[in-house]
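Visitor: what follows is a predicted protein model with its sequence.
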Amino acid sequence: GTLIYGTTMYGASGAGNAPQGTIFKFNAVNHQFSVLYSFQGDLDGNCPVDGVILSPDEQTLYGKTSGTCGTATAVYGTLFSFPTAGGTLTRLYSFSGSDSPAAGGFPPLLVGNFIYGIAAPDSSNSSIYKISKTGAASLITLYPASLGGTGPVGGLVASADGGTLYGTTNAGGPDNAGTV
């Protein structure tokens, strides 16, 4: 397509005029740049990270915020949806300490009606979360570093039928050398 969607972690002014981040659209044909949404902090999360994913029908963007900039009380971040035509941002889920998403280039993965991602609440455990497009959440599994690895590297990928998720870590496992 000719439209590119993304996020800025900082930029625009949210609550208290602190930069809270934006969702943007860029038209690669006419080079037109538009800010679609400016985050407001406590109201909707802040500091979006790792870009956005586009639904197959190209009508909805999904992304996550880190909650680590500005004054937002959602310090562990949020998962959100936003219509590509503009409008109202929907906070699908507010993360807590036990399921906070791993930051650093791991966009969520959309498979069917569910959004999956990597959670890395501390240095000894990693887990995978599953959140429906309506916001119902579950922690799929918690992997202790001794068995399942920690320090996620890269995001998740799904098998062709969407029934299996794959990911990698840079530590943990039997020899503490990472896992697949």
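Guide: Cool, the structure landed.
Visitor: distance check, the residue sitting nearest the centre point of the chain against A137.
Guide: In the chain, the residue lying closest to the centroid (CA atoms, centre = their mean) is K64, at 3.3 Å. From K64 over to A137 the distance is 13 Å, taken as CB to CB, to the nearest Å. Where C-beta positions appear, they are placed from N, C-alpha and C, glycine not excepted.
Visitor: T65 now?
Guide: Distance, T65 to A137, using CB to CB: 15 Å.
Visitor: neighbour count winner among those two?
Guide: Neighbours around T65 and A137, counted as other CB atoms under 10 Å, are more numerous at T65. The numbers are 31 against 17.
Visitor: let me know the pLDDT of the more buried one.
Guide: pLDDT for T65: 85.
Visitor: so what's the spatially closest residue to it that is not a sequence neighbour bridging to?
Guide: Distances taken as CB to CB, 6 or more residues apart in numbering place G45 nearest to T65, at 3.6 Å, with adjacent residues excluded. As for beta bridges, G45 partners with G41 under DSSP bridges.
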